[in-house]
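Enquirer: Sequence below, structure please.
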Amino acid sequence: MEHPENDLHSPADRFSRMRPEPRSFDELADQPDPLEVDRKNRRSTRQAITFAMSTVAVTLLLAFILAVISRAQGGPLCDGSSAWLCTESWRTWWAVTTSIPPVVGLLTCAVITVRKLNRYERWIPWIGVFWIPLVPFTMAWLIITLGILATQ
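Expert: Numbering: from 1, shown residues only. Down below sits the predicted model:
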């Protein structure tokens, strides 16, 4: 009879790559501890969610800080209370600089996904945060920033 307390697989692991079956006693002895594998899988899920939130937060924080600096310096385009990017050069630098974190975050997430897959760890949360929050956020952000660059 199977012991359910020893079953450390969750439904989130059904798409994970399975480790190769051991062909000798030494390979069996070298297999990782199932409890440690389960801990790594749970950690991978938390890391993916944290990574997605951090990428969005860093982008928005950087955008806000640069906009505050631009407004504090002032310029010919800051005639109203709603203007934040006060010179043409600030608009260009803001658009270019704030486009870097989402693109780097998206590419980093893709690399981490492949590495998790190749290490037999839970990779589904990484592909999930790639497609659900990061791709739409990056696309929307680039539409905004490239629109700023295109109108100059």
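Enquirer: Quick one: residues contacting the most centrally placed residue in the chain.
Expert: Centroid-nearest residue in the chain: residue 52, 3.8 Å away (criterion: C-alpha atoms, centre = their mean). Residue 52 makes contact with 109, 129, 132, 133, 134, according to C-beta atoms under 8 Å, 6 or more residues apart in numbering. Any C-beta I mention is one placed from the backbone N, CA and C, and that applies to glycine too.
Enquirer: now do 6 Å
Expert: 129, 133, 134 (C-beta atoms under 6 Å, 6 or more residues apart in numbering).
Enquirer: which element is residue 70 on?
Expert: Taking DSSP states H and E as the definition, one finds residue 70 inside helix 34-73.
Enquirer: Next secondary structure element downstream of that helix?
Expert: helix 88-118.
Enquirer: For residue 68, which non-adjacent residue is closest in space?
Expert: Setting aside the residues directly before and after it, residue 68 is nearest to residue 84 in space (C-beta to C-beta, 6 or more residues apart in numbering), at 7.8 Å.
Enquirer: Settle this for me: the one you found is touching residue 67, isn't it.
Expert: Yes: assessed by C-beta atoms under 6 Å, residue 84 is found in contact with residue 67 at 4.2 Å.
Enquirer: Could you count how many residues lie near residue 122?
Expert: 23 (other C-beta atoms under 10 Å).
Enquirer: Tell me how many other residues crowd the residue nearest to residue 68.
Expert: Neighbour number of residue 84 under other C-beta under 10 Å is 18.
Enquirer: got it, and the one 10 residues further on?
Expert: By other C-beta under 10 Å, 21 other residues sit near residue 94.
Enquirer: List the contacts of it.
Expert: If you count contacts by C-beta under 6 Å, 6+ apart, then residue 94 has 66, 85 around it.
Enquirer: Tell me how far it lies from residue 59.
Expert: Computed with C-beta to C-beta, to the nearest Å, the distance linking residue 94 and residue 59 is 12 Å.
Enquirer: related to what we said a few turns ago, give me the spatial nearest neighbour of the residue nearest to the centre of the chain, chain neighbours excluded.
Expert: residue 129 (3.9 Å).
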